[in-house]
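1. any chance you could fold what I've pasted below:
(2 chains)
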There are 2 protein chains.
Amino acid sequence: MKTYRELELRFARLADLSAALAVLGWDERTMMPAGASPARAETTAGLRVLSHELLTGNELGDLLDAADAEHNQLDDWQRANLHEMRWQRLHATAVPADLVHALALIESKTEMAWRAAKPNSDFPAVRPLLEETIKLVRESAVAKAELLGLSPYDALMDQYDPGLRTAFVDPIFDAYAAFLPAFLERVLAKQASEELLPIEGPFALDKQRALALEAMRAVGFDFNRGRLDESLHPFCGGAPGDVRITTRYDEHDFARSLMGVLHETGHAMYELGLPESWRRQPVGEARGMTVHESQSLLVEMQACRGAEFLSWLTPQLRDAFGGEGPAWSETNLRRHLTRVRRSLIRVDADEVTYPAHVILRYRLERGLLSGDLPVADLPEAWNHGLDALLGVRPPDDRRGCLQDIHWYAATFGYFATYSLGAMTAAQLFAAAEAAEPNLRADLARGDFRRLMGWLGRNVHAQGRRYSTEELVTRATGRALDPTIFQAHLQRRYLDEA
Amino acid sequence: MKTYRELELRFARLADLSAALAVLGWDERTMMPAGASPARAETTAGLRVLSHELLTGNELGDLLDAADAEHNQLDDWQRANLHEMRWQRLHATAVPADLVHALALIESKTEMAWRAAKPNSDFPAVRPLLEETIKLVRESAVAKAELLGLSPYDALMDQYDPGLRTAFVDPIFDAYAAFLPAFLERVLAKQASEELLPIEGPFALDKQRALALEAMRAVGFDFNRGRLDESLHPFCGGAPGDVRITTRYDEHDFARSLMGVLHETGHAMYELGLPESWRRQPVGEARGMTVHESQSLLVEMQACRGAEFLSWLTPQLRDAFGGEGPAWSETNLRRHLTRVRRSLIRVDADEVTYPAHVILRYRLERGLLSGDLPVADLPEAWNHGLDALLGVRPPDDRRGCLQDIHWYAATFGYFATYSLGAMTAAQLFAAAEAAEPNLRADLARGDFRRLMGWLGRNVHAQGRRYSTEELVTRATGRALDPTIFQAHLQRRYLDEA
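-> As a prediction, the model looks like this:
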């Protein structure tokens, strides 16, 4: 196993570079003085190039080839690790270095132009750069597709969620698009009939922070191996064994930050629960973006917006903010936290309408990539598409095709994982509940230990040992079944079992 | 210049790794959750090994050899850069990899044992490990000495201050040791005759922090490219263009933190003033530890403990802490900030007695390295030596030979730069004053612009273009002249011109 051991050493080195980049990324968004940006950009670019060189170098290729001979000596975890090493190398070597470089350049130019164009709803200002970006993303997708034996779009999705294919996603999304309109009508009608009392602020920021920390503690976040800080855009970052989430407090809305913190805590619990003995190895990383998003949404949507957890949370909210009267009742609070709207902005969307935003982007980006949808036609396609899916039409591109950073940062193939994550979350939660019948009673006491124990064993500690599909099947008894998510929505929003 | 350009690219990569390590180092001491230590240790060790491999690899050696042919095409800065590249490589390749590894291992073991032994004054507990450490440091010094054509101790000093030699240091330190006893007697007698009123706390921490920020602003610290935070042990860290200093506030003593902040600000101004166009190149780094310490001590000791700056500071202190009455007079405050004592602890020492602590360590560590001083005899040699130099004898090893981390962290050859820095600071300040006659009047208004302008041009912006000796000579008209420091002390402590 000499070759395999040598590979472990080399991938540990790559993991060190990744961990350094992760801490630098956290620092950049929370602590770094603004004027340090140019120097920091050089530093991170340098570390990325170095990492890419190590991963694509001939030495590593020779070692991976030679490791075949040792296959019989490896145990299951080691084989899975070797598989992940090959997968990383394949994706890294598929794209020629000059294309990687060109993509990095256009990406930063396009993103900068997008930042300027978005507030003015000025899509034409960024259109030529987006066209150039898509051209290069397409070249890179084609290069990956050839090496991986996939379609270009599948090759892109494979980067974020290994094994994810349009053949799997299409029917799931088509079914949801068919399910949504009538269901949404019924939910909106029901909610319109229910009294909703405004919950008045302001909500003191120090109370919000104390509550966020309390909620994180309840979920089981380990502050000895992580932190909570503030940043403009919330994220879960940091390095293995040192997981750092962020939030942004709004004096007039406590729920956004609090629910955001619970969402990021779900991500964080996954990272903190990855198999310690495989730290610094590919197999010890999170499975992929679908499973990652399933963990954040399981905590936020499945557990924390459910009636049980909210019954625990409500008195704490009242204490923290001095709330009293009917507006602060459990029922009124729950109505606020499960309010459904035909909204324009993905990141503000509720769990019922969120998939519509995702399906729109998933369909559009495939058209952009294939060339079927010219970039010039994107704004109209977006507005028409959202209207068709959700019955609402953006009045401008700021709230339309300019709202998300992804495409302007050359990210294509990512969106689907948000909604697949939501569906996976519902399925995992249902399986956890079946295995641990007192789960909801636990949550009503703010006790996540059984839920997290089950997730820890069935998801977190598995790292990348299994494919996403196998992981879900082993944990829940079957592959992803989107009807479980629909059933969850029917129960929560229409009181239908 | 193809070879030289390729070298620049490779050293820029090494600078990226250094910058990443520097931010990680800052993070570790200010932000990192405690439980992340083991993972972080792996990450930083991985980056260090990678950096060492790149620096010592054959490719870089071949490039450096080939660069000789281009020597005539290079300008002065490029030649100086090439010289610094060679110097870095020479130090890195001099010590065999297995010895580097053994040193890293023993260093962390010894340092851990020292941390346990120090509070108990238990030198015997750490003695065997210190012996082993010194043995390996000696091997490494001998290896360097051979390659560099120096004595082993000079080879160690050369790491921290290229070009620094015992032949230069010995007469300077011997002269100070001869000067000190009578001078100290006179200072102590004078100060004993002056009334010193206690300045009573507590001093609110938020006021201390506001004052520290105000003082940093006065010196010219650029908060767009730096920060002030808290840590157990104050330091100046961060990366080029992103300089971060720390302090620790004590409710019962505002001066320690405030003067510490000014000290670190001096270091920071140097880092922030390094030549921007040579960022990421060896010639763009700080010259060495003597010049670095000269910058912190110039700000703290020369400028900020001087009567002029204190006349600006005093009313601000009174405002911040609500101080009134004779204890808060300018004179009483100045007496506190220039108080001289025969003290046991180096880091608490005043500028008059500080060199005695350094001279003691400088002499002892040469004996330890050569073997003339057996480790077993160190405690007595320390206590006897301090008594001889300063007239005070440590009652235990905690306040004796266990007080400093350096030797237990395998750092030998560093101490001299503290006092050479103090002497260089006096000389630079005198030269700045000669060039800018209104300097002291500026400081009395809290205006550092002229002082920092002069330092920026003559020291900061020069990077490593010249040797330490040439830098000082160009800036002040002569090589380091320790009598200028003595004259400064005579003026400040005995009112003698």
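
2. list the buried residues in the longest helix anywhere in chain A.
-> Counting by DSSP state H, the longest helix found in chain A is helix A:2-30. Neighbour counts over helix A:2-30 (16 or more other C-beta atoms under 10 Å in any protein chain shown) mark A:3-4, A:7-8, A:10-11, A:13-30 as buried. Just so you know, the C-beta spots here come from the backbone N, C-alpha and C atoms, and that holds for glycine as well.

3. out of those, who's near chain B?
-> Counting by C-beta under 8 Å from any C-beta of the partner chain, A:13, A:15-17, A:19-21, A:23-24, A:27 from those sit close to chain B.

4. nearest to chain B, of those?
-> Proximity of these to chain B (C-beta to the nearest C-beta) peaks at A:Asp16, which lies at 2.9 Å.

5. which non-adjacent residue is nearest the closest one?
-> Of all residues not flanking A:Asp16 in the chain, B:Gly46 sits nearest, at 2.9 Å (C-beta to C-beta, 6 or more residues apart in numbering or on different chains).

6. wait, doesn't that neighbour sit right on A:Arg10?
-> No: applying C-beta atoms under 8 Å, one finds B:Gly46 not in contact with A:Arg10, separated by 10.8 Å.

7. quick one: the helices in the stretch 51-200 of chain A?
-> Ranges of helices within the stretch 51-200 of chain A are A:58-66, A:76-94, A:97-117, A:123-148, A:152-160, A:166-192, based on DSSP state H, counting those that start in this stretch.

8. what's the angle between the second one and helix A:58-66?
-> Here the directions of helix A:76-94 and helix A:58-66 differ by 140 degrees (axes from the mean of the first three to the mean of the last three C-alpha atoms, to 10 degrees).

9. between helix A:76-94 and helix A:2-30, how many degrees?
-> 70 degrees.

10. who are the packing partners of helix A:76-94?
-> helix A:2-30, helix A:37-56, helix A:58-66, helix A:123-148, helix A:152-160 (3 or more C-beta pairs under 8 Å, 6 or more residues apart in numbering or on different chains; DSSP states H and E).

11. the closest residue to A:Ser51 other than its chain neighbours: what's it in contact with?
-> In this structure, A:Ser51 finds its nearest non-sequential neighbour in A:Leu17, 4.5 Å apart by C-beta to C-beta, 6+ apart. Contacts for A:Leu17 (C-beta atoms under 8 Å, 6 or more residues apart in numbering or on different chains) come out as A:47, A:50-51, A:54, B:46-47, B:50.

12. tell me the pLDDT of A:Leu17.
-> At A:Leu17, the pLDDT value in this model is 97.

13. how close does it get to B:Arg449?
-> 42 Å (C-beta to C-beta, to the nearest Å).

14. the helices and strands packed on helix A:76-94: lowest mean pLDDT?
-> In terms of mean pLDDT, the lowest-scoring of the helices and strands packed on helix A:76-94 is helix A:37-56 (a mean of 93).

15. starting at the chain centroid, how far to the longest helix of chain A?
-> 21 Å (C-alpha atoms, centre = their mean, to the nearest Å).

16. can you check stretch A:93-105 too?
-> Taking the mean of its C-alpha atoms, stretch A:93-105 sits 25 Å from the chain's own mean (C-alpha atoms, centre = their mean).

17. with stretch A:370-389 instead?
-> 24 Å.

18. likewise stretch A:108-117?
-> With C-alpha atoms, centre = their mean, you get 23 Å for stretch A:108-117.

19. please apply the same query to stretch A:121-132.
-> A distance of 26 Å separates the centroid of the chain from that of stretch A:121-132, by C-alpha atoms, centre = their mean.

20. same question, stretch A:424-434
-> The answer for stretch A:424-434 is 18 Å, by C-alpha atoms, centre = their mean.

21. on that earlier part again, in a markdown table, list the helices and strands packed on helix A:76-94 along with distance to A:Cys304.
-> Output for those, formatted as a markdown table (distance: least, C-beta to C-beta, whole Å):
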| stretch | distance to A:Cys304 |
| --- | --- |
| helix A:2-30 | 24 |
| helix A:37-56 | 34 |
| helix A:58-66 | 43 |
| helix A:123-148 | 36 |
| helix A:152-160 | 25 |
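
22. among those, which is nearest A:Phe235?
-> For the helices and strands packed on helix A:76-94, the distance to A:Phe235 is smallest for helix A:2-30, at 7.0 Å, taking C-beta to C-beta.

23. what residues are up against the residue nearest to the spatial centre of chain A?
-> Centroid check for chain A by C-alpha atoms, centre = their mean gives A:Glu293 as the closest residue, at 4.2 Å. If you count contacts by C-beta under 8 Å, 6+ apart, A:Glu293 has them with A:417-418, A:420-422, A:424-425.

24. considering those, which possesses the most neighbours?
-> Within the contacts of A:Glu293, neighbour counts (other C-beta atoms under 10 Å in any protein chain shown) peak at A:Thr424, which reaches 30 neighbours.

25. Provide the backbone phi and psi angles at it.
-> Main-chain dihedrals, A:Thr424, degrees, to the nearest 10: phi -60, psi -40.

26. wait, it sits on A:Gly288?
-> No: with contact defined as C-beta under 8 Å, A:Thr424 and A:Gly288 do not form a contacting pair (10.5 Å).

27. now do the host helix or strand of A:Val291 against helix A:152-160: the angle between them, please.
-> Using DSSP states H and E, A:Val291 sits in helix A:289-297. Angle between the axes of helix A:289-297 and helix A:152-160 is 50 degrees (criterion: the same axes, to 10 degrees).

28. brilliant, that's me finished.
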